[in-house]
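Trainee: Let me see the structure of the following:
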Amino acid sequence: MARYTGPKTKIARKFGEAIFGDDKAFEKRNYPPGQHGANKRRGKKSEYAIQLQEKQKAKYTYGILEKQFRNIFKKASASSGVTGEILLQLCESRLDNVVYRLGIARSRSAARQLVSHRHITVNGELVSIPSFTLNAGDVVAVREKSKSLVAIVDSLANRNDVYEWLTWNSDTKQGNFVSVPERIQIPENIKEQLIVELYSK
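Mentor: So this is what the prediction gives:
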């Protein structure tokens, strides 16, 4: 399964945001990486550089590699509506992202692992494909045999975030993908229009 496995704090510092979640190392050094650290003079970025950085931020945030991300963009472009908004909606509709949003896993990479290790069901059927796209009304649940997994129990115990487009039943350990989120409901700090402009060149 293709995924980014390199240093995460370094990437977060590059974008100036803790895009992989809580990161104590990032909090200590929240300036761009490099030999000269915070003192290095950085020239003005070109329009292309700004657009490229925004695309890379989106890719790293959702844990998607270039080829897959480009395919998602093509799908968004072919849909009727605002391309940038649909792009983010498709990323949010991925099974690994929804498992993370529901609080079953503490990070998207942990959610991806739970899915690929067959701990998650969709509408009662085991699904082991992290990129599986959910539709409104789909039920995402923890597999019966996996409900006592320490990683899942700990993550759910620290579950804080609530999203309008998702519902969660802590007794049955299952959630409902009520609807595709509107752009205003997606908390990620991504300027999707810059990504559209980059791919449109």
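Trainee: Doesn't Thr167 belong to a strand?
Mentor: Yes: checked against DSSP: H, G, I helix; E, B strand; the rest coil, Thr167 lies within a strand.
Trainee: change the start of the numbering to 9 and stick with it
Mentor: Right, with 9 as the first residue, what we last looked at is Thr175.
Trainee: And it, how far from His125?
Mentor: Thr175 is 25 Å from His125, where distance means CB to CB, to the nearest Å. To be clear about C-beta, it is placed using only N, CA and C from the backbone, and glycine gets the same treatment.
Trainee: next one: Ala86
Mentor: According to CB to CB, Ala86 stands 33 Å off from His125.
Trainee: what domains does the record give for this protein?
Mentor: For the chain, automatic domain parsing gives the domain ranges 16-98+195-207, 103-187.
Trainee: who does the host helix or strand of Ala118 touch, helix- and strand-wise?
Mentor: Ala118 belongs to helix 116-124 when elements are defined using DSSP states H and E. Applying 3 or more CB pairs under 8 Å, 6 or more residues apart in numbering; DSSP states H and E, one finds that helix 116-124 makes contact with helix 103-109, helix 158-165.
Trainee: Arg71 touches Asp104, doesn't it?
Mentor: For the record, residue 71 is Gly, not Arg. Yes: Gly71 is in contact with Asp104 according to CB atoms under 8 Å; the separation is 7.1 Å.
Trainee: what is in contact with those two at once?
Mentor: Arg116, Arg120 (CB atoms under 8 Å, 6 or more residues apart in numbering).
Trainee: In terms of neighbours, single out the busier of these two.
Mentor: Legend: neighbour count by other CB atoms under 10 Å for Gly71 and Asp104, higher for Asp104 (27 against 23).
Trainee: ok so, going back, I'd like the helices and strands packed on helix 116-124 as CSV, with mean pLDDT appended.
Mentor: Output for the helices and strands packed on helix 116-124, formatted as CSV (pLDDT from 0 to 100):
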stretch, mean pLDDT
helix 103-109, 97
helix 158-165, 95
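Trainee: Among these, which comes closest to Ile194?
Mentor: Checking those against Ile194 by CB to CB gives helix 103-109 as the closest, at 10.0 Å.
Trainee: From the contact counts, what lies against that closest one?
Mentor: With contacts taken as 3+ CB pairs under 8 Å, 6+ apart, helix 103-109 sits against helix 91-100, helix 116-124, strand 128-130, strand 146-150.
Trainee: want to throw the ones you listed into JSON lines with mean neighbour count and distance to Ser187?
Mentor: Formatted as JSON lines, these follow (neighbours: other CB atoms under 10 Å; distance: least, CB to CB, whole Å):
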{"stretch": "helix 91-100", "mean neighbour count": "22", "distance to Ser187": "10"}
{"stretch": "helix 116-124", "mean neighbour count": "22", "distance to Ser187": "20"}
{"stretch": "strand 128-130", "mean neighbour count": "21", "distance to Ser187": "16"}
{"stretch": "strand 146-150", "mean neighbour count": "21", "distance to Ser187": "11"}
